[in-house]
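K.L.:
Next comes the sequence, and after it the predicted model I'd like to discuss.
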Amino acid sequence: MRVVRTIADLRALLRPLREEGKRIGFVPTMGYLHEGHGALIRQSAARCDATVVSIFVNPTQFGPSEDLANYPRDLERDQNLCLEAEATVLFLPEVAEIYPTGFQTHVEPGRLADPLCGRFRPGHFRGVATVVAKLFNIVQPDLAFFGQKDFQQTVVIRRMARDLNLPVDVVVVPTIREADGLALSSRNAYLDEDARRRALRLSEGLLAARAAFDEGEREAAKLVEIARGPLAGVDSVQYLELVDTQNLEPIQGKVDRASALCVAAYVGSTRLIDNVILAPLPADVGISVVRSTQGA
Ligand code: PAF
């Protein structure tokens, strides 16, 4: 695995591969990697000839009161995980490499950035869309891999790739969970034993709603109520909503199309998000979870 820190070095490394017609996969991350990232890298390694992983804690997607300065970091562990998952290139740019002095051009996502996390993290998806567009332009991957846990992020990025005609397939990989259901997240590192126990309430609610859905429950309000039950033990729930996977609009009445039940909550001072996809038609699972957008 090669480690590169500058855009020039990365481009020089990838140019011959591209000229040979090799398929390049890309996994953008902010580091402190876990098995969820491992799954993305492995998917890329299985489907592509070369896999680039970036680690860049992107300042523009953090609000002023968020955890940018304390965002967990462990480069040595990250490098080992990348190696084991068969990444071929690790890209580690400094902030000045991505945002040089005078930087002033951003990607402004549209309505998809407004609901859910967008309501509580103003400017977050503008920062995500901007850095992902830049990274796509730097790496020029054929396929890029994102985790379903950040569901709204995947919808915003998919839309951006289409709207800006970026020649990349965006692949969304299902969330990896601990045996007890907790969705893997770099922010789980902040949880002590008691907080971790309370954090489990998020997945308990979502998985109970999905079980009810699988047994035939189709009333949106009822499914939300089932997911809300366990959340009583969580400090503050920002949102718990059932939304259309395509336009993120709330589902009213019966669930008759692919929907995402999404939650964001604080456990102590740690903000966690999670979601499950409810797919009334077998084909919806493929549409909503693993989807390719090239050339649209
Ligand atoms: O999901 C993340 O880790 C980040 O939002 C991403 C996509 C790497 C952009 O900074």
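P.N.:
That came through fine. Note that the coordinates shown come from a computational prediction; the quantities given were computed from them, not determined experimentally.
K.L.:
in this protein, which spans are helices?
P.N.:
Shown for the chain, the helices assigned by DSSP state H span residues 7-19, 35-47, 75-84, 95-98, 117-120, 124-139, 151-163, 193-214, 220-228, 282-289.
K.L.:
who are the neighbours in contact with the residue nearest to Lys254 when sequence neighbours are not counted?
P.N.:
Nearest residue to Lys254, sequence neighbours excluded (Cβ to Cβ, 6 or more residues apart in numbering): Arg218, at 4.7 Å. All C-beta atoms are positioned from the backbone trio N, CA, C, and that covers glycine. Residues in contact with Arg218 (Cβ atoms under 8 Å, 6 or more residues apart in numbering) are 254-256, 280.
K.L.:
Can you say which of these are buried?
P.N.:
Val255 (16 or more other Cβ atoms under 10 Å).
K.L.:
For the stretch 51-200 of the chain, which residue gets nearest to the ligand?
P.N.:
Distances between the stretch 51-200 of the chain and the ligand by Cβ to the nearest ligand atom are smallest at Asn58, namely 3.9 Å.
K.L.:
Wait, that residue touches Val128, no?
P.N.:
Yes. If you go by Cβ atoms under 8 Å, Asn58 and Val128 touch, sitting 7.4 Å apart.
K.L.:
what about those two, which has more around it?
P.N.:
Set Asn58 next to Val128 and count neighbours by other Cβ atoms under 10 Å: Val128 wins out with 25 against 21.
K.L.:
So the more buried one is in contact with Arg159, correct?
P.N.:
No. Counting by Cβ under 8 Å, Val128 stays clear of Arg159, with 12.0 Å between them.
K.L.:
related to what we said a few turns ago, put together JSON lines for the helices of the chain, with distance to the ligand and mean pLDDT on each row.
P.N.:
Putting the helices of the chain into JSON lines (distance: least, Cβ to the nearest ligand atom, whole Å; pLDDT from 0 to 100) gives the following:
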{"stretch": "helix 7-19", "distance to the ligand": "16", "mean pLDDT": "98"}
{"stretch": "helix 35-47", "distance to the ligand": "8", "mean pLDDT": "98"}
{"stretch": "helix 75-84", "distance to the ligand": "12", "mean pLDDT": "98"}
{"stretch": "helix 95-98", "distance to the ligand": "10", "mean pLDDT": "98"}
{"stretch": "helix 117-120", "distance to the ligand": "11", "mean pLDDT": "98"}
{"stretch": "helix 124-139", "distance to the ligand": "5", "mean pLDDT": "98"}
{"stretch": "helix 151-163", "distance to the ligand": "6", "mean pLDDT": "98"}
{"stretch": "helix 193-214", "distance to the ligand": "18", "mean pLDDT": "97"}
{"stretch": "helix 220-228", "distance to the ligand": "23", "mean pLDDT": "98"}
{"stretch": "helix 282-289", "distance to the ligand": "16", "mean pLDDT": "50"}
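K.L.:
Identify whichever of those lies nearest to Ser65.
P.N.:
helix 117-120 (11.2 Å; Cβ to Cβ).
K.L.:
Residues in contact with the closest one: which ones?
P.N.:
Counting by Cβ under 8 Å, 6+ apart, 124-125, 152, 238-239, 264, 273 sit against helix 117-120.
K.L.:
pLDDT value on the spatially closest residue to Val255 that is not a sequence neighbour, please?
P.N.:
Distances taken as Cβ to Cβ, 6+ apart place Arg218 nearest to Val255, at 5.1 Å, with adjacent residues excluded. pLDDT for Arg218: 97.
K.L.:
picking up where we left off before, how close does the residue nearest to Lys254 get to Ala211?
P.N.:
14 Å (Cβ to Cβ, to the nearest Å).
K.L.:
next one: Val173
P.N.:
From Val173 to Ala211 the distance is 22 Å (Cβ to Cβ).
K.L.:
same check, this time on Glu76
P.N.:
Using Cβ to Cβ, Glu76 is found at 40 Å from Ala211.
K.L.:
quick one: which of those two has more around it?
P.N.:
Ala211 (12 against 7).
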